[in-house]
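I would like the atomic coordinates for the input below:
(one chain, ligands or ions: 1)
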Amino acid sequence: MPIVTPLTKLLNIRMPIVQGGMQWVGVPKLVAAVSNAGGLGVLTALTQPSPAALRTAIQETRKMTTKPFGVNITLLPSIKPPDYAGYARAAVEEGVRIFETAGHSPGELIKYFKANGCIVIHKCTTIRHAKSAAKHGVDVLSIDGFECAGHPGEEDIGGLVLLARAAKELQIPYIASGGIADARGYAAALALGAAGINMGTRFMCTVESPIHQNIKEKIVASSEQDTVHIFRTMHNTARVFKNKISMEVVAIERRPGGAKFEDIRELVSGQRGRLVYENGDPDYGIWSAGISVGLINDIPMCEDLLRTMEKGVDEVINDLSSLVVKSKL
Ligand SMILES: Cc1cc2nc3c(=O)[nH]c(=O)nc-3n(C[C@H](O)[C@H](O)[C@H](O)COP(=O)(O)O)c2cc1C
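This next block holds a predicted model:
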């Protein structure tokens, strides 16, 4: 039985499952595969070197799917910020109408997307930020718990509590993000009032994901203890795979007197992280991964993954409803 929620209706998708933006991973092939499988694929704008390259990526995606897909724009602290407005304009001009925004001060971007009739899903790690984004007019909130890959914020609140608070306090639909990789997590999110789920790490480990096979196999072989937080001391925490480089970064951050960004700049370089996915050496640089690595045991096609989750969620919901025993009067 299909799961119909405010998210499936708003986005016109078959399943309320979003593939969150992923630097170096959210490229046309994966995005089209997720959308063709019935979820929402999301292209990562900043993976493309320029707004013009994003246009080409959008056109490539369109050649592979007729289904809806979105574009992620992530606003991160940076000395030389990328041309966010240029990426946004390129995507809107190419006809994209669904955006995932993440990061600091997205107000201007949200205003621009709403003025152009777009749907905005905004990622937040606190209920306070979720409420503020709702005031800016976003359509859906993506509530990222502490379990997530990438930036979990600084307050360390897990999905269970965040989502239960979202159910009580948010007036617009929200989806659950962080730590979900199977039907049980999917069903739990629905039980917590979410209109759907967002997954990153799980989609990284699919046939259509563009990363090196060794890295996919490394994820399969890993447990939930194989991630670590870096940039904690810089108040810009990121959950990444635990490897030689991330452990070195943590050691530098912990040394007496702490560390300046200069001390770790070379180790954490984004280009070095990108090469992990190309050369397949998991120790070559920093790469994002969530604790859901502990739930990932295979490398399926997106179509098979979503079909398994669709069947599984139905079973979990049925099993749960069988726990309710009608009293004999
Ligand atoms: C490899 C990777 C790269 C990511 N890059 C971004 C990014 O550029 N922007 C962003 O908003 N989120 C990024 N994320 C976070 C995901 O969109 C998503 O919120 C997160 O993965 C959800 O947690 P999960 O991995 O436990 O499913 C990334 C996640 C992964 C695994």
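
Quick check: the residue of the stretch 101-250 of the chain nearest the ligand.
The nearest approach of the stretch 101-250 of the chain to the ligand comes at Gly200, 1.9 Å away (CB to the nearest ligand atom). Any C-beta I mention is one placed from the backbone N, CA and C, and that applies to glycine too.

Which residue, neighbours along the chain excluded, lies closest to that residue?
Leaving aside its chain neighbours, Gly200 sits nearest to Gly20 (4.5 Å; criterion: CB to CB, 6 or more residues apart in numbering).

residues in contact with the residue of the stretch 101-250 of the chain closest to the ligand?
Contact analysis of Gly200 by CB atoms under 8 Å, 6 or more residues apart in numbering lists 19-20, 22, 148-150, 177, 288, 290.

Can you show me the CA trace of the host helix or strand of Glu262 as PDB?
Using DSSP states H and E, Glu262 falls within helix 261-264. What follows is helix 261-264 as a C-alpha-only set of coordinates in PDB (Å, rounded to 0.1, in the frame of the first residue of the first chain):
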ATOM      1  CA  PHE A 261      41.700  26.300  11.300                       C
ATOM      2  CA  GLU A 262      45.200  27.000   9.800                       C
ATOM      3  CA  ASP A 263      46.500  24.000  11.700                       C
ATOM      4  CA  ILE A 264      44.100  21.600  10.000                       C
END
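
Show me which residues of it are buried.
Across helix 261-264, burial judged by 16 or more other CB atoms under 10 Å covers Ile264.

So which elements touch that helix?
helix 244-254 (3 or more CB pairs under 8 Å, 6 or more residues apart in numbering; DSSP states H and E).

re the thing from before, of the contacts of Gly200, which ones also sit close to the ligand?
For the ligand, the contacts drawn from the contacts of Gly200 by CB under 6 Å from any ligand atom are 20, 22, 148-150, 177, 288, 290.

Which one of these sits in the busiest neighbourhood?
Among the ones next to the ligand among the contacts of Gly200, the one with the most neighbours (other CB atoms under 10 Å) is Ser177, at 33 neighbours.

how about that one, what does it touch?
20, 123, 142-145, 148, 159, 197-200.

secondary structure class for the closest residue to Gly21 other than its chain neighbours?
Spatial nearest neighbour of Gly21, chain neighbours left out: Asn72 (2.5 Å); criterion: CB to CB, 6+ apart. Classification of Asn72 by DSSP: H, G, I helix; E, B strand; the rest coil places it in strand.

Would you check how far apart the nearest residue to Asn12 once chain neighbours are set aside and the ligand are?
In this structure, Asn12 finds its nearest non-sequential neighbour in Pro68, 5.7 Å apart by CB to CB, 6+ apart. Distance, Pro68 to the ligand, by CB to the nearest ligand atom, to the nearest Å: 17 Å.
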